[in-house]
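Novice: Pasting the sequence and the predicted model now:
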Amino acid sequence: MSLITSSIGQGLLWGVLALGLYLTFRILNFPDMTVEGTFPFGAAICVSALVHGVNPLAATILSFFAGMVTGLVTGLLYTKGKIPVLLAGILTMTGVYSVNLRILGKANVGLLNKNTLLNGQLLQKLPINFPTIVVGLIIAIIVIVLLAVFLDTDLGQAFIATGDNEKMAQSLGINTDNMKILGLMLSNGLIGLAGGLLAQNGGYADVNMGIGTMVIGLAAIIIGEVVYDDLSLTARLVAVVIGSIIYRLILLLVLQLGFSTNDFKLISAIILAICMMLPLFEQKFRTRKLLKKGVEKP
């Protein structure tokens, strides 16, 4: 039971990252490689702040703003520097690695005997792993509500229009470059926030902890879309978080089958590949079913 509750808590925290990735991957419709630099950057800022006695809530908020900085850098390189988005993200990710080493002072820093958002006095009274679920659920709800409100505003609609059809958005007087920068900042802000939360949950920050995070986020998005189809935008945000929980439960099942934790990255890639191919298999199945019905008609 404790393994299941742990997976649900982890899924909720990783869901915050998936929500951030959803803004660029699905709404703006381009891949942002900054993710794998932003995640450990948010963790490094949060852990460094906690080690120096900063309030856990303030340290967590700092991780969000740290992520926004990396998003801003990538956005400026992409829109003003005219560097392709993939390369802009890789450049930022590479540079942030050295920044993380500067912040932490070494490859990894632990949070032993430090106050965090997950070990408050009230939360310590809860059963094991339930503090993670409570905090993860509260933050996921807050993020989903704020994103839903934002996307329903004129600015949010301009942001969505930029991803749907950039030329049409420009013809309507929307500054698409600013929308892209805004999207990258919000996306990476949430990814940095997830880094801070997961660092507190794991009890450490490591400069290499961002490897594979993009695959994890994409897996959550794809699983959410496969399981729940034809949803409103707000419902899609909820589905992304549910997809993240399902993904963690799948990994738990894989562990129970005897696989090693060293295989997580490979398993993540395989799960993502399968999920991305499911719509294709479903379409082929429907086509064959329709053709079969057509042949059977007298």
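Specialist: Here it is on my side, so go on.

Novice: for the stretch 101-250 of the chain, which spans come out with low pLDDT?
Specialist: Judged by pLDDT under 70, the stretch 101-250 of the chain has no weakly predicted residues.

Novice: can you map out the helices along it?
Specialist: For the stretch 101-250 of the chain, the helices defined by DSSP state H, counting those that start in this stretch occupy 121-124, 130-151, 154-164, 166-171, 176-202, 213-227, 233-256.

Novice: closest one to Met277 among those?
Specialist: Nearest of the helices of the stretch 101-250 of the chain to Met277, taken as C-beta to C-beta: helix 213-227 at 9.8 Å. Where C-beta positions appear, they are placed from N, C-alpha and C, glycine not excepted.

Novice: In that closest one, which residues are buried?
Specialist: Using 16 or more other C-beta atoms under 10 Å as the test for burial, helix 213-227 gives 213-226.

Novice: and what of stretch 126-141?
Specialist: For stretch 126-141, a neighbour-count test (16+ other C-beta under 10 Å) marks 129-137, 139-140 as buried.

Novice: re earlier: can you name the two of the buried residues of helix 213-227 that sit furthest apart?
Specialist: Thr213 and Val226 (20.4 Å).

Novice: Report how many residues lie close to the closest residue to Val226 other than its chain neighbours.
Specialist: Among residues not flanking Val226 along the chain, Leu278 sits closest, at 5.2 Å (C-beta to C-beta, 6 or more residues apart in numbering). Leu278 sits with 14 neighbouring residues when counted by other C-beta atoms under 10 Å.

Novice: Tell me how far Leu278 lies from Ile181.
Specialist: Using C-beta to C-beta, to the nearest Å, Leu278 is found at 34 Å from Ile181.

Novice: quick revisit: mean neighbour count, the helices of the stretch 101-250 of the chain: which tops it?
Specialist: When the helices of the stretch 101-250 of the chain are scored by mean count of other C-beta atoms under 10 Å, the highest mean neighbour count falls to helix 176-202 (a mean of 26).

Novice: Out of the buried residues of stretch 126-141, flag the one nearest to Leu19.
Specialist: Out of the buried residues of stretch 126-141, the member with the shortest distance to Leu19 (by C-beta to C-beta) is Ala140, at 7.8 Å.

Novice: quick one: contacts for the closest one?
Specialist: 12, 15-16, 19, 241 (C-beta atoms under 8 Å, 6 or more residues apart in numbering).

Novice: Write the PyMOL selection for whichever of those residues are buried.
Specialist: Selection of buried members from these for PyMOL, criterion 16+ other C-beta under 10 Å:
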select buried, resi 12+15+16+19+241
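
Novice: ok, now which ones touch Ala49?
Specialist: Per C-beta under 8 Å, 6+ apart, neighbours of Ala49: 58-59, 62.

Novice: what would these look like in CSV with distance to Gly189?
Specialist: What follows is the contacts of Ala49, written out as CSV (distance: C-beta to C-beta, whole Å):
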residue, distance to Gly189
Ala58, 15
Ala59, 15
Leu62, 11
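
Novice: Just the residues you listed: which are in helices?
Specialist: Among those, the ones falling in helices (DSSP state H) are 58-59, 62.

Novice: Out of the contacts of Ala49, the closest to Asn262 would be?
Specialist: Closest approach between these and Asn262, by C-beta to C-beta: Ala59, at 30.8 Å.

Novice: If you drop the residues flanking it in sequence, what lies closest to the closest one?
Specialist: Nearest non-adjacent residue to Ala59, counting by C-beta to C-beta, 6+ apart: Ala49, 3.8 Å away.

Novice: okay, the helices of the stretch 101-250 of the chain in TSV with distance to Ile270 next?
Specialist: Below are the helices of the stretch 101-250 of the chain laid out as TSV (distance: least, C-beta to C-beta, whole Å):
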stretch	distance to Ile270
helix 121-124	35
helix 130-151	26
helix 154-164	29
helix 166-171	34
helix 176-202	22
helix 213-227	10
helix 233-256	10
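
Novice: closest to Val73 out of these?
Specialist: With C-beta to C-beta, the closest approach to Val73 among the helices of the stretch 101-250 of the chain belongs to helix 176-202: 8.9 Å.

Novice: So what's the gap between the closest one and the chain middle?
Specialist: Computed by C-alpha atoms, centre = their mean, to the nearest Å, the chain-centroid distance of helix 176-202 equals 8 Å.
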